[in-house]
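Asks: sequence and predicted model, in that order:
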Amino acid sequence: MTLLQQLGMAVPIIQAPMAGVSTPKLAAAISNAGGLGSIGIGAVDATAARSMIDATRALTERAFNVNLFVHATAKPDAANETRWLEALRPLFQRFGSTPPDTLKTIYTSFADDDDMLAMLVEAAPPVISFHFGVPSSDRINALKNVGCLLLASATSPDEARSIEAAGIDVVVAQGWEAGGHRGVFDPSGLDDQLGMAALTRLLVRQASIPVVAAGGIMDGQGIRATLNLGAIAAQLGTAFIACPESGADEAYRAALSATGASHTIMTHAISGRPARCIANRFTEWGASAKVAVPAYPIAYDAGKALNTAAKAKGENGFGAQWAGQGAPLHRAMPAADLLGLLWREATTG
């Protein structure tokens, strides 16, 4: 039995787990249509995560993926955080607001979250994926002991080797083209910025575990290309943002069809980690900022506060509108219809 058969997948398409966008309704629609839907729980606590898992289970009897962040524990730096807030002050003032007095770590890495581990062991979702790294062996073993299939994203062959050595079942090759947070383990280290095709091919040749390709894939032709590279499936995120089941707001959906979507940019300014975003006023400001960005996710506390202040005044150019380089190729339609179209394109040309 192949891995796809084990998961009950009729088509080799995985929906990327975009935190804040991947709703239970979207994940269930994709799983029910034969793909693998995903929910992102990295930005919520164990109680909220359990509610999302239960909501997804209520909508589908098929397998779905639950995604976690495994970033290094944030190290507060009060002096740097104060400088960052002062640099942002003119932006807040533009919208009649002021920055927070201090910044906080807005969510916990799975590496440090015992409540999340206990919840996942009890809930035993069919598939769990990791971003930014891999958890400790005791956490991996606890999840595998309750039958969870484990995936982890890699941006380099070295990260893939760490994933394989940890006992993870599948590696996701996240190319430089991908939207959202780059899964690099050490954001301060060297990043070769490998594209999806080169990285996928390297991992297929070098790894002994199955490879899923991710980054810039928006249509059936792209899916077919990844399968020809040796991947067992393609992971698509930006392609599903415009689906009515996603959690994207109207401004986010509009941005996908605006000129900025043709000029996505990798920015640290919004969250403190590199992430590919639709070009907007915040990314423009961040590109010229002279102050070091605070640690992830501490910096995100400021980014979210600024976006809230801007939106209250009708300005949508400061949000985290994550998107990959293929964003202009998106199609707005129900998720099940899009999944069917993607597979028809992949199989008929």
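Replies: Yes, it's here. Residues are numbered from 1 along each chain as shown.

Asks: and stretch 200-217, which residues are buried?
Replies: If you call a residue buried by 16 or more other CB atoms under 10 Å, then stretch 200-217 has these buried ones: 200-204, 207, 209-217. Using the backbone N, CA and C atoms, a C-beta is placed for each residue, glycine as well.

Asks: secondary structure class for residue 106?
Replies: For residue 106, the secondary structure call by DSSP: H, G, I helix; E, B strand; the rest coil comes out as coil.

Asks: quick one: low-confidence ranges for the stretch 51-200 of the chain?
Replies: Under the criterion pLDDT under 70, no range of the stretch 51-200 of the chain is flagged.

Asks: so where do the helices sit in it?
Replies: 78-94, 114-123, 137-145, 157-165, 196-206 (DSSP state H, counting those that start in this stretch).

Asks: returning to that earlier point: wait, which of the buried residues of stretch 200-217 is closest to residue 29?
Replies: Using CB to CB, residue 217 is the member of those that sits closest to residue 29, with 18.7 Å.

Asks: hang on, the closest one in a strand?
Replies: No - looking at residue 217 with three-state DSSP, it is coil, so not inside a strand.

Asks: element containing residue 14, please.
Replies: In this structure, residue 14 is located in strand 13-15 according to DSSP states H and E.

Asks: hmm, who's touching that strand?
Replies: Counting by CB atoms under 8 Å, 6 or more residues apart in numbering, the neighbours of strand 13-15 from elsewhere in the structure are 22, 26-27, 30, 35-38, 65, 212, 223, 233-237, 240, 335, 339, 342-343.

Asks: for the next helix or strand after that strand, name the packing helices and strands.
Replies: Along the chain past strand 13-15, the next helix or strand (assigned with DSSP H and E) turns out to be helix 24-32. Secondary-structure packing of helix 24-32 (3 or more CB pairs under 8 Å, 6 or more residues apart in numbering; DSSP states H and E): strand 13-15, strand 37-40, helix 46-59, strand 64-69, helix 335-348.

Asks: again, only using 6 Å
Replies: When contacts are defined as 3 or more CB pairs under 6 Å, 6 or more residues apart in numbering; DSSP states H and E, helix 24-32 sits against strand 37-40, helix 46-59, helix 335-348.
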